[in-house]
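Novice: no sequence for this one, just the structure:
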């Protein structure tokens, strides 16, 4: 029975039975709204190529940018680690539609099943695609994350990201439901795919308080989520400069990484050095600003005098909309560090 016909019949029966129309009408409208939400989907996402990064690591690289109607929220890389016993997905994308595209591309490449997902943190472009992978491989598909990532996704943060992605993309991600991680894991946890091992790293607050970095041990590749980005700056509201430096120090000491694979931008050997240089320019400028009594509203101009900062303006995505916030976060953190 169609929604329209159901509403018409509901009104007709109420009148015939002499019942109060208001309650029945509200009930019918609520039922129709539920049906609509369950069946309205944003448009499919066009196929994107899969790149081979190393013997076991494959990447669907997102075009750089922020979620819009045009890119349908496709802004975060999706990584596949393919081993003898199956595939692990590192960050699943920003919507059901994106994940369906990724599932199709993966099935074109291999008959091996997805045996799990790692969600590196709670920003929605990294986990909203969980819906598409459980649609393909079942609700019990293991989804690993830090405990605090799971809690955030199950709470208001998850709803915020789902609803915001719909708004930012003008409805392109409609139909995506929240599928939270279902296994809490932490530093040192390992996933074996037979011929390749994934080792998880967590060293405290960096991009968020609960980032997981995924080392693909045999390949010398580390998937860093948003702890590192390639010529891009974005949301650091929940992060820490000092914590990021500490995480990078630990990753360099604990892994034999030759390729740093960020969730935004291209993987490569130089990704860590690029971001560290920029972050150190911002951080050290703000420390000096605090020490010299430069007020917060003067910190941006002070930081832009550092050539490590100024030289990146023309080639870094998100610069104009985020550099002021990045400097403010560094300034406030440097100010707190004095006490």
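Specialist: Looks like it arrived, so ask away. A quick note: this is a predicted structure, and the numbers were derived from the prediction, not measured. Numbering: from 1, shown residues only.
Novice: what's the next secondary structure element after the biggest helix by length in the chain?
Specialist: When the chain is parsed with DSSP state H, its longest helix is helix 271-291. As assigned by DSSP states H and E, the chain's next helix or strand after helix 271-291 is helix 299-303.
Novice: residue 246 is in contact with residue 201, isn't it?
Specialist: No - between residue 246 and residue 201 there is no contact under Cβ atoms under 8 Å: 11.8 Å. C-betas here are computed from N, CA, C, even on glycine.
Novice: now residue 145, nearest residue through space, not along the chain?
Specialist: residue 181 (3.7 Å; Cβ to Cβ, 6 or more residues apart in numbering).
Novice: which residues touch that neighbour?
Specialist: 117, 119, 127, 130, 143-145, 149-150, 153 (Cβ atoms under 8 Å, 6 or more residues apart in numbering).
Novice: any chance of these in TSV, plus pLDDT?
Specialist: Formatted as TSV, the contacts of residue 181 follow (pLDDT from 0 to 100):
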residue	pLDDT
117	99
119	98
127	98
130	98
143	98
144	98
145	98
149	98
150	98
153	98
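Novice: excluding chain neighbours, what is closest to the residue nearest the centre of the chain?
Specialist: Nearest to the geometric centre of the chain sits residue 126, at 2.4 Å (Cα atoms, centre = their mean). In space, and not counting its chain neighbours, residue 126 is closest to residue 91: 4.3 Å by Cβ to Cβ, 6+ apart.
Novice: before we move on, what about residue 127?
Specialist: Closest to residue 127 by Cβ to Cβ, 6+ apart is residue 119, at 4.3 Å.
Novice: I'd say that neighbour and residue 89 touch.
Specialist: No - using Cβ under 8 Å, residue 119 is not in contact with residue 89, being 9.2 Å away.
Novice: my read: the residue nearest to the centre of the chain touches residue 119, true?
Specialist: Yes - A contact is recorded between residue 126 and residue 119 when judged using Cβ under 8 Å, the distance being 5.7 Å.
Novice: got any residues that touch both of these two?
Specialist: 91-92.
Novice: list the contacts of the closest residue to residue 302 other than its chain neighbours.
Specialist: Among residues not flanking residue 302 along the chain, residue 289 sits closest, at 4.6 Å (Cβ to Cβ, 6+ apart). Residue 289 makes contact with 298-299, 302-303, 331, 334, according to Cβ under 8 Å, 6+ apart.
Novice: in JSON lines: those residues, plus pLDDT.
Specialist: Listed next are the contacts of residue 289 as JSON lines, based on pLDDT from 0 to 100:
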{"residue": "298", "pLDDT": "95"}
{"residue": "299", "pLDDT": "95"}
{"residue": "302", "pLDDT": "94"}
{"residue": "303", "pLDDT": "95"}
{"residue": "331", "pLDDT": "96"}
{"residue": "334", "pLDDT": "96"}
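Novice: the residues you listed, buried ones only, as a PyMOL selection?
Specialist: For the buried members of the contacts of residue 289, the matching PyMOL selection, counting by 16 or more other Cβ atoms under 10 Å, is:
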select buried, resi 299+302+303+331+334
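Novice: the helix or strand where residue 98 lies: which residues count as buried?
Specialist: Using DSSP H and E, residue 98 maps to helix 96-109. Within helix 96-109, the residues that count as buried by 16+ other Cβ under 10 Å are 96-103, 105-106.
Novice: what's the closest of these to residue 138?
Specialist: residue 103 (12.6 Å; Cβ to Cβ).
Novice: measure residue 120 to residue 201 for me?
Specialist: 10 Å (Cβ to Cβ, to the nearest Å).
Novice: I am finished for the moment; much appreciated.
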